[in-house]
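In: Show me the folded form of this:
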Amino acid sequence: MLEDIAKCRTMFPFNEFRTPTSAGINVITTLLKPQLGYFTLDIQNMVDDRNSQYAALRDTFELYSNVYRLSDISKLHGLEFQFDLTRWFQSQIDRWLSDLDTKAHDWVQRAIEKDQLSFVSEKLRHSSSIVDLFSFFQQQLNPGFELQWPSPQMKAIFIRDLSKIIMKRIRLYCQIIREKYRERIEKQRNEIIRKTVNVSKYSWSSLLGRNQPSGSTENEFQVLREYCVILNNLAQAESSLFKLWTALDYDPEQDGIGTTSKPQIPPSLTYLVTVVQAQNLQACDFNGLSDPFVILRVGSQDVGQTTVVNETLNPWWEESFQFDVKGTEELSVTVYDKDYMNVDLCGIGLPLKLDPTTYTEYTIREDWVTLVPHGRVLIRSTAFGETEDVEFYFGKSLNIASVTLKDMARLLVYQMHQDISNHVYEIFAHFRGKSATSITTELCDRALHPLLNYLDNNLGNLYENLYDNSWNAVVKELWDDLLDIFENLIFPPLGTNRNPLSETELQVVYRCLELTKVFFNGGSTGSGVNIKELENERYQQLILTEKLFHMSTEELIDSFRAHTNQLQTDRTSQEYKAPEKPIFIMIYHILRVLQMVHKEFNEKFIMKQMEMIAFPNTQS
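Out: Alright, predicted model coming up:
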């Protein structure tokens with residue numbers, strides 16, 4: 001019919017055909033009027049036919065577009081189109097979206113399976129799977145833009161539902177690629193452990209004059225190029241999501257399903273809380289380690305318990321727990337040490353508030369929970385519940401990709417931690433028998449060579465192969481890990497048998513920390529990591545501790561009282577339920593220095609003081 005109309009318009013450019021003996025005849029009306037009845041009947045029969053639900057979706061879209069055009073032409077010529085295809089078309093759209101959801105699931109898996117984890121090109125340092133995934137998404141958006149939609153609202157609902165599918169498949173992609181990443185990293189670590197065990201077998205052979213495997217670098221964790229590719233895929237996912245969002249040109253006010261009003265706070269929320277890892281825990285066993293696990297509580301109810309990680313002060317769990325919370329509550333995070341016969345307390349976390357007002361968006365929060373007496377636990381939390389909003393799904397997708405990138409950067413640094421820690425502890429071998437006055441920058445620089453060489457090899461590989469987003473994520477985690485190692489040197493975990501550092505060793509630690517910062521900053525050129533990022537809050541806290549070692553006992557006690565009074569003032573004036581972290585950590589550092597100077601300030605005293613300061617309302 002559309003072709004017939006087009007021919008008539010070519011033959012009769014004017015709407016009406018006139019003769020000397022007749023009034024004007026509307027050619028299009030004359031053509032359409034007898035055919036519309038039959039056409040409407042054919043369309044009705046097609047809709048009533050059950051097999052129509054299996055019609056090819058491309059044909060369905062084309063049919064609806066043409067019928068919509070025919071309806072507009074009919075109205076222009078005074079004819080009413082008696083059949084509304086909107087409901088039928090909506091059912092076809094729903095079917096198409098359901099079919100797409102299934103296809104997208106399979107597409108994600110196939111894209112990852114065939115991915116060789118190699119660069120697309122020298123400039124494009126991600127791999128094929130992320131390219132294939134977003135090409136697929138873009139292909140699905142195109143039909144939606146080509147259609148003539150009956151209303152902006154209908155188009156907006158289509159885009160919203162499509163955005164939800166994109167979010168689900170981004171989450172699936174992140175889950176699969178992250179597991180693949182973890183498997184490869186753990187395989188490398190296990191191979192290093194196997195080689196180390198084999199090397200130890202040569203200890204007796206070396207005494208007999210036989211050859212022993214040489215070269216310690218092969219027994220250190222090295223960053224492989226494929227790790228960079230996977231990290232870049234997540235950075236590329238962030239970039240591609242921004243481009244996809246821009247291509248939508250979405251206007252919630254125009255489309256009619258968005259809202260500019262603030263979302264209502266629900267009476268209860270379902271939270272998903274993940275215990276990721278812990279650092280610098282208290283040592284509870286005779287071997288200077290612990291067998292830690294975490295229990296989560298809301299009020300008096302236990303809402304989650306992790307598995308036990310054996311013999312470590314820096315465990316990695318990444319275990320998730322789901323639970324409902326009404327209103328605003330505090331999440332309690334407690335770390336225990338598992339023994340054969342009993343369970344010891346390893347650390348009590350400062351309360352983490354679960355406030356619905358901070359979870360009404362698509363945010364995925366990450367909080368480092370400070371432990372008493374020391375250490376910290378990384379808690380990731382998000383709340384379920386979806387708004388009818390395209391921005392929500394795209395925001396959620398972006399957050400998932402961003403958190404996964406940070407998580408994989410953290411996992412990479414976690415594998416490097418032991419080698420970095422070994423190099424840092426080996427620094428002291430260069431200063432045995434030396435006095436504090438003989439310590440020079442040149443000596444410290446020489447002692448740092450093994451550590452800086454290890455970092456230089458891996459950072460060079462990372463810098464050469466990573467995108468900026470990926471690079472920043474890894475370097476941030478690496479620097480935080482180094483700060484944690486240096487802090488652990490200055491203040492050994494409670495429960496360990498390590499002696500306090502001597503004056504010489506303390507001077508070495510602070511000088512080496514400064515030299516390591518200069519190394520990360522790029523040396524004299526300052527072309528490396530931004531100095532402001534390096535001199536972060538943790539770094540500043542660590543530098544301040546150097547002054548504590550030069551204070552007298554009276555000055556330390558006065559400083560302790562001043563900080564506790566400040567904390568009490570803050571609680572009273574601003575109604576803090578938990579102490580400000582910097583003040584709390586400074587109080588802990590003061591107590592540790594007092595412990596090193598005077599034996600009366602033993603570990604039990606420190607732990608009791610920290611508990612009283614952190615949880616004043618629970619003390620009798």
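In: From now on I want contacts and neighbour counts done on CA atoms only, so please keep to that.
Out: OK.
In: Backbone dihedrals for residue 401, please?
Out: phi -60, psi -40 (degrees, to the nearest 10).
In: which ones are touching the nearest residue to it once chain neighbours are set aside?
Out: Leaving aside its chain neighbours, residue 401 sits nearest to residue 234 (5.8 Å; criterion: C-alpha to C-alpha, 6 or more residues apart in numbering). For residue 234, the contact set (C-alpha atoms under 8 Å, 6 or more residues apart in numbering) comprises 174, 401, 402, 404, 405.
In: again, only this time at 10 Å
Out: Listed by C-alpha atoms under 10 Å, 6 or more residues apart in numbering, the contact set of residue 234 reads 126, 130, 170, 173-174, 177-178, 240, 398, 400-406, 408, 469-470.
In: Check residue 180 too.
Out: Contacts of residue 180 by C-alpha under 10 Å, 6+ apart are 112, 174, 230.
In: nearest residue to the first one other than its sequence neighbours?
Out: Nearest in space to residue 112, with sequence neighbours left out and distances taken as C-alpha to C-alpha, 6+ apart, is residue 129 at 5.3 Å.
In: residues near the one you found, how many?
Out: When neighbours are counted by other C-alpha atoms under 10 Å, residue 129 registers 25.
In: Correct me if wrong: it contacts residue 113.
Out: Yes. Counting by C-alpha atoms under 10 Å, residue 129 does reach residue 113; the two are 8.4 Å apart.
In: Can you name every helix or strand that the helix or strand the residue nearest to residue 112 falls within contacts?
Out: For residue 129, the host element (DSSP states H and E) is helix 128-146. Using 3 or more C-alpha pairs under 10 Å, 6 or more residues apart in numbering; DSSP states H and E as the contact test, the elements touching helix 128-146 are helix 57-76, helix 86-113, helix 152-200, helix 225-248.
In: what's the angle between the first one and helix 128-146?
Out: Angle of helix 57-76 versus helix 128-146, following axes from the mean of the first three to the mean of the last three C-alpha atoms, to 10 degrees, is 20 degrees.
In: Tell me the buried residues in helix 57-76?
Out: 60, 61, 64, 65, 66, 67, 68, 70, 71, 73, 74 (16 or more other C-alpha atoms under 10 Å).
In: just stretch 494-508 next, same as before
Out: Across stretch 494-508, burial judged by 16+ other C-alpha under 10 Å covers 494, 495, 500, 501, 504, 505, 506, 507, 508.
In: Straight-line length of that stretch, end to end?
Out: 22 Å (C-alpha to C-alpha, to the nearest Å).
In: ok now that stretch, how far from the chain's centre?
Out: Offset of stretch 494-508 from its chain centre (C-alpha atoms, centre = their mean, to the nearest Å): 36 Å.
In: per-residue confidence averaged over that stretch?
Out: In this model, stretch 494-508 has an average pLDDT of 88.
In: Can you list the residue ranges for helices in the stretch 451-600 of the chain?
Out: 468-490, 503-521, 531-534, 537-548, 553-574, 581-597 (DSSP state H, counting those that start in this stretch).
In: Tell me which residue is most central in the protein.
Out: residue 403 (0.9 Å; C-alpha atoms, centre = their mean).
In: Any stretches of the stretch 301-450 of the chain with poor pLDDT?
Out: 360-362, 385-388 (pLDDT under 70).
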